[in-house]
Structure formats: C-alpha cells, structure tokens
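J.: Predicted model follows, preceded by the sequence.
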Amino acid sequence: MPQSKKSVAYFYDRTSDVGNFHYGPGHPMKPHRIRMTHNLVMSYELYKKMSIYRAAPATSQEMTQFHSDDYVDFLHRVTPENAAQFQRELSKYNFEEDCPVFDGMFDLFSLSAGSSMEGAARLNRGLSDICINWSGGLHHAKKCEASGFCYINDIVLAILELLRHHQRVLYIDIDVHHGDGVEEAFYTTDRVMTCSFHKYGEFFPGTGDLRDIGEAKGKYYAVNFPLRDGIDDVSYQSVFKPVVEGIMEWYQPNAVVLQCGTDSLAGDKLGCFNLSMDGHAECVRFVKDFNLPTLVLGGGGYTIRNVSRVWAYETGILVGTEMDRKLPMNDYMDYYAPEYTLSVPAYNVDNSNSPEYLDRIKNQVLQNLRRTCFAPSVQMQDVPRDVDRDVADEDSLDPDERMPEPLRDQHVVPETEMYEADAIGLSETTRDGTRVVNEETNVAAVDHDTTSVDVKMEDAQPSAPASATAMDVDSVGVVPSAPAESAAPGSAPTSPAAGSPAPRPGATDSAMADAAAKSSSAMDVEPPGDVVAEAARDDAPPAEASSARAVEPVPPAELPMSEAAATPEAAKARAPSPGSAQPAVSLAPPPAGGSDGAIVVAGASAAAAGAVSGATAEPKLAVGGPAALKVAPAARALAAEREEGEATEDDYDDEDGEIH
C-alpha cells in the first residue's frame, strides 16, 4: 500500500521520572524499561519528527467507565502499610502473587490510563494519525480483578473512547500472552473485533482457544490464533498478514489499537517465542500501511534491554525514519553491552509450529471471518462533547476574553427543562427578555385575567344615537359631568334638557378642566355577585334589550375630583334629584385617534334612555373625564356577538368576570 506522511503523537507519562514507582525487588514490570526506551528515542532524535505529550492522569470517574466503583475505590485506598486491613478485598480482587500492593500504585496506573485515553481522544479529534504510549497495553486487567501485572485496563478505556466517534474498532495483540481482559470486555459486541496471536496451552492465562469466537451479537468477532513454542519470523508473518488482511477486508474497521508486547521476542525471560526485532517490527509496519487512525501501545516484555531496543526501533518506523543499527551514546549504554547495537537477533531453537498446523488454524480463522456480517453498521447517534481539560476553573479565566464554548454551554438552559413553577402550576412570563416566575399567580388567576375587562374613561359623546347599546346603572356614582370642550370632534355641544339637574355650584368649565387634568387613566369597577342584568322591555328592540347589563356604582373615593368638587356643597349638588334618570353607558364609535371599541358614558337622548330603562324622558348625566375606558379584546368580541344576537344573558352571569 502507498505510504503517506503521518502525524505522530508520543506520550511519556512521567512514571519513569519518579523513583517511588516500583513493583518491588525483581519484579518484571518495572517502569525503568520505559525510562530506557524514552532515553533511546531521544538519543536517535526522533522527537524532531513527532509531538511529545505528558497527559493528565485518568480520574477515578474515568476509570469506572469500565472497572467497577468498589474496585477503583479499593485501588485508591490500599497501600503496603494498611494492606493487612483489607485481607478480604485482597483475595476478592486477586491482589496476590503476581499482583502485589506497592507504593504509588494508583498514581502509576492512572497516568498510564490517562495517556492511552488522551491518545484515543486525539485520534477522535483528528489531531494525530498515530499515537504512541509505550507505558500502556495492560491487557489482562478485568472489570473487578487485577491479573498478570495489570491493575487498570487502559486498552479497554481507550477503545471506549474511540467508540464515541468510530463505528468499528480493531484490536490486534502480538503479545506472547492472550489478551483476555480486552476480549472479555467486548466478547458480546460486533463494534470491536479482537485479534490475538499468542501462546496457548500450559501457559498464562490459559485462555484464547481457537473456538473462542464470541457470543450473541459478537459471535465470530473474537479472533484467536493459538501458537506453539519457538515460532520464528517467517512462520509468524505467514499467518499474521493473511489474517489481518482478511479482517481489514471483511470487518473494515475505522480505527486500530495495536498492542506491541515484546515478550514474544527471542530471549525473553517469560516468553517462549523466537521472533527477532525485525520480525516483531514488521507487524507494526504492516498495520501502519493501512492508513487508519492507529493507537500503538506497549505491553509485556521482561528483558528490558530488548524492550527498549524494539520499541525505539518501532517508534522510528511509525515516524518514517530509518534508524542506524549502531546505538548512539545514551544514559544506559552499559545495558547494551557487549554488542552496543540496536538489533535483537533470533535464537537457534526448534519451531514447534509446523506449516500444516499453521495452515489449518489460518483456514479456520478465515472461514469464521466469512461468517461475520460484512462491515457491520451501527446506528449513528449524537457524539458527546470531548472533555476540554484546559477549562478547569471559571474564576481563573480572564474576564476580558471570550468565554470558551464548553464553559458557555454550561450556562445554557434547555427550553424543555422542567422548573419548580411548572410542577406546582405557577405561571411564567417573560418581561424584558427575562423569565419571571409569579409565585402568587396560579392557573385560575390566569384564566380570570383573560375574562376581565379593562375600562378606560373616554370623553363623553354629546349625543348618542337611538340605536346605541346602553348599560343600566343601579345608582348614580359620584361622577363629574363632562365639559363641552371634551365632546368628540364634529359633534354638537351637549346641553341639558328640561327637567335635568342644575349644574353644580362652582363647577365651572375651568374647574372641570382642572378635574380632567388630575383624573387617572382608568378606574376599577367590581361587579357584585348578586347583581343580575335587568330584563329589557317588551317594546324595546331585540338588540338593545339583549345588551343591558347591571354595573355596580363606583364609590366616591375611587374617582378623581378637583378641589371644587371635593366640598360637601359640591357633593350635594352632584346628587341627582329624585326621579331623575340614571346615567347611561353606551358603546360609541371610537373617536379620532382613540382606541377601538371604547365604552363611553354619554348623555343619551330621552327617547333612547326611555327605550332601555323605562325612565322618564330626561337627559342622563354624562360621565366625563379626560381618560377613556379601554375595553379588553374579549369584551369587544362579546359586545359584537351581542349586537349580532349570538350572545345571551347567561354570557354575562360569569362570577369570575371583572371590569377594570
């Protein structure tokens, strides 16, 4: 396949720089091997062709994406000093024999897992094509159990991160041990295919048979290639390349995770294979040529001088550099004596893997691949936002700079969010762009407001037509008469008829103008509950008879008055004479520039007044004042229905009705 230049990210997790990270005397997984590898990579100046990062450690919450909460909590609390207090937990979580408790244990594996997860996140965001974390690759750890020197399974955590953006992920394991922890985690799903080339038989962990192919939806998506002792480069490549190529053809993964355990090299203290450095690195080169986002991890390896050589050489392959086999000067030169070369040669040992055996296993594996669903799909979903570790504290941000998007999204409240006001029936309104919750307003009050009528005082019309709709008033309110100047434009001045009350003493036109200037814009009229509309006379027109409604008199204290009208004499003058007509409230056409449908209290003609209320033919007092009685839309619609004969008297008997 054609090769292209790759963007490579290299993670150095700082565990090698801290002296208290150690497994104990003689333990094969000392971080010292990571320190030697990093020093050799720097000596070859490979840092010039890749980006080097130190990732933040994984938190306990991130670890619990795979591991159980109690296991992570125990891992965080146990130390060599208090291990005697956790005897039951030590046995439960398999902290015996090859998984001892040591100082800095939680910090060591949180750094390892954090580097692998950050590498997967960079692949998701497209910031790198290849990410390398030689301190990762701990493939034996289970959900609630430590195993094989592995306490936190960083591989599973990294694959879970990749699955947030990729439909299918391929995991390849070339460690001498079977990757049982990763296979077990994804044994029942087709979104991850696990492929392991390992020693099978009387060998740790004892799993990885050819017949272990997955279960349920993940059936045939677990590939195991059991091998025997002494396999060499030629035999290994004869099965590795066809199987991986078949997986790429049938499964078509979107990303690859490659575990490069070096315990499959010749001369390893625990391994039993016979691979040279070139044979091991050829697997890395072959996977790289597929040009897929690739996460390269470490793993086993217990002859540390060979571990550092092979991982440094494979780093050069990933960045596209041909490395000199003669080692440059470095801090651990004595470890590579007496050859002082980069190469790790194969040994002269017997190969127990016959060609017939390898062909039979290979054919069975390829046959299982053909039984899989070709390139299984997954329903696309919204991808959660990537965690931005740079935004940690809102108070530490510069107030003059724009707020980062992840932090700004935390202040956005969804429109579907349920609030306490919604649950208890309170109403919410928006005032000047701000949501307001009125705790004193319930649904009944809202309905009550919709039926209320806002009444605004309007200048009295001088003469109302005989067909104008009239509203009877039970008693005379203390209402000042309207001056002649307040009449509607184009109308004749109003003059009292014979028999009407004399004008109030002292209530001149100028006094009325002062009273009009001091009057408010509206008055509230509360209808009594026992007031019933008067029936119209039989000789009245149907439209006029159906529009009669009783209105409660307005108390004197609620109406504005001028200084002249506030005297006792003025109050006595305002009182109508016995037998005089009541003031009529009529719906008049809106004046020029006024609001639609204003209710006007005007001096109606004697004929109109007598037709409605049966009173004597006397002119009715006009209710004056500069402010108009505004009618709510519901009242205007109701008046229109009454004029058309569609409304009945029952429409006005609503006890919840209220006139403002």
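T.: Structure received.
J.: Leu258 belongs to a helix?
T.: No. Looking at Leu258 with DSSP: H, G, I helix; E, B strand; the rest coil, it is strand, so not inside a helix.
J.: Could you verify my assumption that it touches Ala281?
T.: No. With contacts counted by C-beta atoms under 8 Å, Leu258 stays clear of Ala281, the gap being 11.7 Å. In short, each C-beta sits where N, CA and C put it, glycine included.
J.: Follow the chain on from the longest strand seen in the chain and name the next helix or strand.
T.: Secondary structure of the chain per DSSP state E: the longest strand is strand 192-199. Of the helices and strands lying after strand 192-199 in sequence (DSSP states H and E), the nearest is strand 222-227.
J.: From the contact counts, what lies against that following strand?
T.: Secondary-structure packing of strand 222-227 (3 or more C-beta pairs under 8 Å, 6 or more residues apart in numbering; DSSP states H and E): strand 192-199, helix 233-250, helix 355-370.
J.: repeat that for 10 Å
T.: For strand 222-227, the contact count by 3 or more C-beta pairs under 10 Å, 6 or more residues apart in numbering; DSSP states H and E identifies strand 169-173, helix 180-185, strand 192-199, helix 233-250, helix 355-370 as packing neighbours.
J.: List the strands paired with that strand, with their directions.
T.: Paired neighbours of strand 222-227 in the sheet (DSSP bridges): strand 192-199 (parallel).
J.: Output the strand it pairs with as CSV - backbone C-alpha positions only.
T.: Listed next in CSV are the C-alpha coordinates belonging to strand 192-199 (Å, rounded to 0.1, in the frame of the first residue of the first chain):
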residue,chain,number,x,y,z
VAL,A,192,-15.0,-4.2,18.4
MET,A,193,-13.1,-7.1,16.9
THR,A,194,-10.3,-8.6,19.0
CYS,A,195,-7.5,-10.5,17.3
SER,A,196,-4.8,-12.1,19.4
PHE,A,197,-1.7,-14.2,18.4
HIS,A,198,-0.5,-15.9,21.5
LYS,A,199,1.0,-19.0,23.1
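J.: report the angle between the axes of it and helix 355-370?
T.: Strand 192-199 and helix 355-370 meet at an angle of 170 degrees, taking axes from the mean of the first three to the mean of the last three C-alpha atoms, to 10 degrees as the criterion.
J.: just the angle between strand 192-199 and helix 233-250, please?
T.: Angle between the axes of strand 192-199 and helix 233-250 is 170 degrees (criterion: the same axes, to 10 degrees).
J.: In three-state terms, label Gly271 for me.
T.: coil.
J.: Now for Leu258 and Ala281: what residues contact both?
T.: 314, 318 (C-beta atoms under 10 Å, 6 or more residues apart in numbering).
J.: List the contacts of Arg370.
T.: So Arg370 contacts 220, 246, 250 (C-beta under 10 Å, 6+ apart).
J.: helices or strands next to the longest helix along the chain in the packing?
T.: If you go by DSSP state H, the chain has its longest helix at helix 105-125. Counting contacts by 3+ C-beta pairs under 10 Å, 6+ apart, helix 105-125 packs against strand 8-11, strand 51-53, helix 60-63, helix 69-77, strand 130-133, helix 154-162, strand 255-259, strand 294-297.
J.: need those in TSV with mean pLDDT, can you?
T.: Output for those, formatted as TSV (pLDDT from 0 to 100):
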stretch	mean pLDDT
strand 8-11	94
strand 51-53	93
helix 60-63	95
helix 69-77	95
strand 130-133	97
helix 154-162	97
strand 255-259	98
strand 294-297	98
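J.: Same list (those) but as JSON lines, adding mean neighbour count and distance to Leu170.
T.: Formatted as JSON lines, the helices and strands packed on helix 105-125 follow (neighbours: other C-beta atoms under 10 Å; distance: least, C-beta to C-beta, whole Å):
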{"stretch": "strand 8-11", "mean neighbour count": "23", "distance to Leu170": "19"}
{"stretch": "strand 51-53", "mean neighbour count": "16", "distance to Leu170": "24"}
{"stretch": "helix 60-63", "mean neighbour count": "17", "distance to Leu170": "23"}
{"stretch": "helix 69-77", "mean neighbour count": "17", "distance to Leu170": "27"}
{"stretch": "strand 130-133", "mean neighbour count": "28", "distance to Leu170": "15"}
{"stretch": "helix 154-162", "mean neighbour count": "27", "distance to Leu170": "10"}
{"stretch": "strand 255-259", "mean neighbour count": "25", "distance to Leu170": "5"}
{"stretch": "strand 294-297", "mean neighbour count": "28", "distance to Leu170": "10"}
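J.: Make TSV out of those and add distance to Ser238.
T.: Shown next, in TSV, are those (distance: least, C-beta to C-beta, whole Å):
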stretch	distance to Ser238
strand 8-11	29
strand 51-53	36
helix 60-63	39
helix 69-77	41
strand 130-133	26
helix 154-162	26
strand 255-259	19
strand 294-297	23
